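Q: got a sequence here, can you model it:
(one chain, ligands or ions: 1)
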Amino acid sequence: MRRPIFAGNWKMHHGPTEARAYMAAFAARWTPRTDRTIIFFPPAVSLATVVHALGARTDLSVGAQNIWTEDKGAFTGETSAPMVKDAGGRYVLVGHSERRHVFGETDAQTALKCVAAIRNGLTPILCVGELLLDREAGRTTDVVLRQLRAGLAELSAEVVASIAIAYEPVWAIGTGKTATPEDASVVHADIRKALHHSIGDRAADVPVLYGGSVNTGNAKSLMAAEGVDGLLVGGACLDVESWARICDT
Ligand code: PEP
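A: Numbering: from 1, shown residues only. Alright, predicted model coming up:
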């Protein structure tokens, strides 16, 4: 059984002051439970604040929205995997659609970022997803599997079995448009099949999350969709109550 994962991507919201207030409110609202993994992805500048706010709570985890491929050096403006680790992060999003399509991140860079994460003891969540024009041209599977294979290219089978994947159709991110549970299931099945092809039975260990305009109204049906092991949520995780309700799905 894969434990469900609920991952909240704050994007460029909640600096340290807001992050502190948010975490205090969430910690008061959420009763610890061991049947799911909940991960917060604050902006890098708020990461240590969120870790600090969690104190001794081990039921909630923290990750970074992005890392650079190298561990240190002249890379102005970037954050390295060792820095995330040092700040108390355990996870990192790699290849989020905004990294790919706003900042021009390449498949090759996602592969190096996955390697940097693993090298430093972080668990990458590799994000893959097609643009609307890809979907309309019938290229969804091609694009998603190309991103998947490229992102995992430098990892051993054993390592691949320890990470997570998020399927996030780009046309559904921040747009209010959601893939239907059936749409999600089709792509999740393609991902699972490709994982099985490359790492065999260990593919069963890899959680595959869905993301794209998830909210309190659709979380339940998406979580119930065949092959969906968790949710990666942007906009709807910014409000403590709606995030708690989604995590309660
Ligand atoms: C995301 O940022 O990964 C995301 C899915 O955003 P939203 O839920 O706002 O579509």
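Q: what residue in the protein comes nearest to the ligand?
A: Gly234 (2.2 Å; CB to the nearest ligand atom). C-beta: built from backbone N, CA, C; applies to glycine.
Q: so who does that residue touch?
A: Residues in contact with Gly234 (CB atoms under 8 Å, 6 or more residues apart in numbering) are Asn9, Lys11, Ile173, Gly174, Gly211.
Q: so which of the residues you listed wins on neighbours?
A: Counting neighbours by other CB atoms under 10 Å, Gly211 comes out on top of those with 28 neighbours.
Q: look up the closest residue to that residue, ignoring the ones flanking it.
A: Leaving aside its chain neighbours, Gly211 sits nearest to Leu232 (3.3 Å; criterion: CB to CB, 6 or more residues apart in numbering).
Q: give the contact list for that neighbour.
A: Leu232 neighbours (CB under 8 Å, 6+ apart): Ala7, Asn9, Leu93, Ile125, Cys127, Ala166, Glu168, Leu209, Tyr210, Gly211, Val214.
Q: could you rerun that using 7 Å?
A: By CB atoms under 7 Å, 6 or more residues apart in numbering, the contact set of Leu232 is Ala7, Asn9, Ala166, Glu168, Leu209, Gly211.
Q: just the residues you listed that are near the ligand?
A: Within the set of the contacts of Leu232, contact with the ligand (CB under 6 Å from any ligand atom) is found for Asn9, Glu168, Gly211.
Q: least confident secondary structure element in the protein?
A: Taking mean pLDDT, DSSP states H and E as the measure, the helix or strand of the chain with the lowest value is helix 132-136, at a mean of 94.
Q: could I get the contacts of Gly234 as TSV with pLDDT?
A: Compiled in TSV, these are given as follows (pLDDT from 0 to 100):
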residue	pLDDT
Asn9	98
Lys11	98
Ile173	90
Gly174	83
Gly211	97
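Q: please list the residues of this structure that sit near the ligand.
A: Of all the residues in the chain, those lying near the ligand are 9, 11, 96, 168, 173-174, 211-214, 232-236, going by CB under 6 Å from any ligand atom.
Q: closest to His52 out of those residues?
A: Asn9 (20.0 Å; CB to CB).
Q: hang on, that closest one packs against Gln65?
A: Yes: contact between Asn9 and Gln65 holds when scored by CB atoms under 7 Å: they sit 6.3 Å apart.
Q: what pLDDT does the model give Ser80?
A: Ser80 is assigned a predicted lDDT (pLDDT) of 98.
Q: the closest residue to it other than its chain neighbours: how many residues sit nearby?
A: Spatial nearest neighbour of Ser80, excluding adjacent residues (CB to CB, 6+ apart): Asp71 at 5.2 Å. Asp71 is flanked by 13 other residues according to other CB under 10 Å.
Q: in three-state terms, label the residue in the chain sticking out farthest from the centre for me.
A: Relative to the C-alpha centroid of the chain, counting by CA atoms, centre = their mean, Ala74 is the outermost residue, at 27.1 Å. Under the three-state scheme (DSSP: H, G, I helix; E, B strand; the rest coil), Ala74 adopts coil.
Q: what's stretch 194-205 in contact with?
A: With contact meaning CB under 7 Å, 6+ apart, stretch 194-205 is reached by Leu145, Leu148, Ala157, Val160, Ala161, Arg192, Val206.
Q: Ala166 reaches Gly211, doesn't it?
A: Yes: Ala166 is within contact range of Gly211, at 5.2 Å (criterion: CB under 7 Å).
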